[in-house]
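>>> quick one: sequence plus predicted model below, questions after.
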Amino acid sequence: MSKPILWIVIPCYNEENVLPITSPLFLQQLKKMIGEEKISDKSRILFVNDGSKDRTWDIIAELAAKDEHFIGISQSRNRGHQNAVLAGLMEARDVCDITISIDCDGQDDISAMDKMVDEYLNGAEVVYGVRSKRDTDTFFKKFTAESFYKLLNWMGAEVVYNHSDYRLISSRVLEEFADFHEVNIYLRGMVPLVGFKSAIVYYERHERMAGESHYPLSKMLHLAFDGITSLSVKPISIITGIGTIVSLVGIIGIIWAFIVAITGQGQPGWASTICIVCFLGGIQLISIGVIGTYIGKIYMESKHRPRYIISEKTWEPYERHYKG
Ligand code: UDP
Ligand code: MG
């Protein structure tokens with residue numbers, strides 16, 4: 001069996017300060033694994049330029065000219081982190097056996113790739129990189145990140161705790177992933193949907209080596225909202241639930257107004273007004289919830305996700321076909 005070909009996929013957006021520092025580290029790690037005969041020499045480091053406005057693409061082109069292990073693709077404009085990673089993974093899936101996606105800022109421990117590849121060689125098709133601690137993050141970042149995971153899970157989007165976009169995915173899983181046709185993508189929540197055997201590798205997260213984060217609070221909130229609404233229709237069932245509660249309260253309100261009216265304490269017309277307000281409020285919310293449920297189903301249908309994915313067949317035992 002020949003050695004697997006690994007493509008490391010790295011999204012880059014306005015990273016001219018950090019690329020010259022981290023690119024040699026990525027190359028060093030790749031060459032180390034090639035030297036240890038873990039992976040094929042055909043392995044590559046793929047930079048995805050996400051419509052940067054600085055010298056990022058020039059730097060990538062220079063790197064590619066210097067060492068054949070460096071290659072790059074450029075998106076026609078900035079489309080965001082998730083789309084940049086997806087573009088890289090889709091470019092890689094036909095030509096390699098495994099991909100590892102990682103940010104280019106050196107925050108994620110590059111040496112954890114050793115363990116990821118080991119897990120793959122032990123049979124895992126997806127390996128999630130999970131932060132062991134968040135010491136380098138500020139209290140605020142830690143708090144917002146933790147609330148973010150809790151909210152996502154509560155809302156029905158299944159995500160791995162403390163896992164960002166540092167992960168190994170085999171080309172076999174990517175083949176299946178390509179059948180997820182949705183446009184609003186949230187990789188962290190979508191990869192678990194594909195299934196297959198997975199493993200977790202813990203690593204320490206460091207400070208950014210240079211440059212600045214592109215994820216201020218506003219973008220993080222946007223990502224959280226996007227993640228929830230892309231993966232789950234739970235917000236709609238919450239509306240239906242609130243509608244039911246409001247209706248129940250409305251019925252109590254109607255009974256109360258009725259009692260007030262027959263005991264002759266209320267103003268004329270008051271009881272009927274309250275009855276109509278309570279009744280309509282509840283009915284309207286429930287109706288919105290019911291209509292929303294249909295819209296939610298249309299939304300999920302419109303994604304054209306695969307309805308099943310087969311991982312094994314008794315008459316065709318799956319064997320890793322290394323493209324080496
Ligand atoms: N990134 C990208 N497109 C964007 C924003 C960010 O490709 O529109 C890349 C960025 O270059 C980096 C990764 O996504 O490699 C994560 O971004 P960043 O480090 O700014 O986020 P943080 O680690 O602070 O959450
Ligand atoms: Mg970062």
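Looks like it arrived, so ask away. Every value quoted in this text rests on a predicted model; they were computed, and no experiment measured them. Ligands and ions are numbered 1, 2, ... in the order given.
>>> from I276, how far off is the residue of the chain most remote from its centre?
Relative to the centre of the chain, and counting by CA atoms, centre = their mean, the farthest-placed residue is G264 at 60.7 Å. Going from G264 to I276 by CB to CB, to the nearest Å gives 20 Å. Yep, even glycine has a C-beta here, placed from its N, CA and C like the rest.
>>> do the same with K133
Going from K133 to I276 by CB to CB gives 57 Å.
>>> how about the residues of the stretch 1-150 of the chain by ligand 2?
Residues of the stretch 1-150 of the chain lying close to ligand 2 (CB under 5 Å from the ion) are D103, D105, Q107.
>>> need the residues of the stretch 101-250 of the chain near ligand 1, please.
Residues of the stretch 101-250 of the chain lying close to ligand 1 by CB under 6 Å from any ligand atom are D103, C104, D105, Q107, S213, H214, Y215.
>>> list the buried residues in stretch 156-168.
A157, V159, V160, N162, H163, S164, D165, Y166, R167, L168 (16 or more other CB atoms under 10 Å).
>>> quick one, what contacts the first one?
By CB atoms under 8 Å, 6 or more residues apart in numbering, A157 lies in contact with Y186, G189, G227, I228, S230, L231, S232.
>>> tell me what the stretch of helix or strand K150 belongs to is packed against?
In this assignment (DSSP states H and E), K150 forms part of helix 139-154. Other elements packing on helix 139-154 under the criterion 3 or more CB pairs under 8 Å, 6 or more residues apart in numbering; DSSP states H and E are helix 217-231.
>>> redo that, cut-off 6 Å
Helix 139-154 sits against no helix or strand, with contacts defined as 3 or more CB pairs under 6 Å, 6 or more residues apart in numbering; DSSP states H and E.
>>> using pLDDT, spot the least trustworthy of the buried residues of stretch 156-168.
Here the lowest pLDDT out of those sits on A157, with 73.
>>> next, V130: secondary structure please.
The local conformation at V130, judged by DSSP: H, G, I helix; E, B strand; the rest coil, is strand.
>>> whoops, I169 was the one
Secondary structure for I169, judged by three-state DSSP, is strand.
>>> which ones are touching L174?
L89, R93 (CB atoms under 6 Å, 6 or more residues apart in numbering).
>>> just the buried positions in the host helix or strand of it, please.
Using DSSP H and E, L174 maps to helix 171-177. Of the residues in helix 171-177, S171, R172, V173, L174, E176, F177 count as buried by neighbour count, 16+ other CB under 10 Å.
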